[in-house]
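Undergrad: this one's sequence-less:
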């Protein structure tokens, strides 16, 4: 189905209330903190980050940044009630607490964020650079930020915006919503499920049930 949108243009700006793009952490340090039930992972500046978050069972989450030169730091307190298995250099940390969602903000270079092992709600902000961003298996919100990004959804009902740059978006399973009205020729594959996409000059759009121009 092809529709023409009316009223205020739908774009990546609709995601900003869900993803708080906090900017990069201090050079070389990826910071983990928790407030109001949200674990925030803010990637190091000036470093090629490779961040993953996985469910560790019993309400625990294991967070890693094994990027070149990255270290991992954390702020105790907030909604974190437990810290274990902590190493700083190319770091790992396991956290527990009253956690409702996980937000990850990547840095200013080409980064990888992989939430494939995460079942709960999550959000990813890609920042600058040509990033590789992989959703979890719950409902994930992704904004690619500036750069030519490769974005892959998961099994949940994802909300995805490529933002500035020529992006490749594969929404995968679930009933996904894709925003790509950004003036760039993106490639979009809705995957399985009943998907919606807001587009303009896309290079390719496949497996999307409702396309809005």
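TA: On my side now, so go ahead. Here the structure is a predicted model, which means the values were calculated and not measured.

Undergrad: so which residue is smack in the middle of the protein?
TA: residue 124 (1.9 Å; C-alpha atoms, centre = their mean).

Undergrad: that one is in contact with residue 133, isn't it?
TA: Yes. The pair residue 124 and residue 133 qualifies as a contact (C-beta atoms under 8 Å) at a distance of 5.2 Å. Just so you know, the C-beta spots here come from the backbone N, C-alpha and C atoms, and that holds for glycine as well.

Undergrad: state the distance from the residue nearest to residue 121 when sequence neighbours are not counted to residue 211.
TA: Distances taken as C-beta to C-beta, 6 or more residues apart in numbering place residue 101 nearest to residue 121, at 4.1 Å, with adjacent residues excluded. Applying C-beta to C-beta, to the nearest Å, the value for residue 101 to residue 211 is 29 Å.

Undergrad: where in the protein is pLDDT low?
TA: 1-27 (pLDDT under 70).

Undergrad: could you redo the last one with a cut-off of 50?
TA: Within the chain, the stretches with pLDDT under 50 are 1-14, 17.

Undergrad: contact partners for the closest residue to residue 35 other than its chain neighbours?
TA: Distances taken as C-beta to C-beta, 6+ apart put residue 78 closest to residue 35, at 4.7 Å, once the chain neighbours are dropped. Counting by C-beta atoms under 8 Å, 6 or more residues apart in numbering, residue 78 makes contact with 33, 34, 35, 97.

Undergrad: closest to residue 44 out of those residues?
TA: residue 33 (14.1 Å; C-beta to C-beta).

Undergrad: spatially nearest residue to the closest one, not counting backbone neighbours?
TA: With C-beta to C-beta, 6+ apart as the criterion, residue 33 has its nearest non-adjacent residue at 4.1 Å, and that residue is residue 75.

Undergrad: the one you found: neighbour count?
TA: Residues contacting residue 75 under the criterion other C-beta atoms under 10 Å number 12.

Undergrad: next up, phi/psi of it, please.
TA: Dihedral pair for residue 75: phi -110, psi 120, per degrees, to the nearest 10.

Undergrad: can you say which helix or strand has residue 64 in it?
TA: Using DSSP states H and E, residue 64 maps to strand 60-65.

Undergrad: can you name every helix or strand that the helix or strand following that strand contacts?
TA: Next in sequence after strand 60-65, counting helices and strands by DSSP H and E, comes strand 71-74. Applying 3 or more C-beta pairs under 8 Å, 6 or more residues apart in numbering; DSSP states H and E, one finds that strand 71-74 contacts strand 29-35, strand 60-65, strand 80-87, strand 92-97.

Undergrad: which residues does the last one contact?
TA: Same thing as strand 92-97. Here strand 92-97 has contacts from 32, 34, 39, 56, 58-64, 72, 74, 78-87, using C-beta under 8 Å, 6+ apart.

Undergrad: can you tell me the strand partners of that strand and which way each runs?
TA: Strand 92-97 has its sheet partners listed here by DSSP bridges as strand 60-65 (antiparallel), strand 80-87 (antiparallel).
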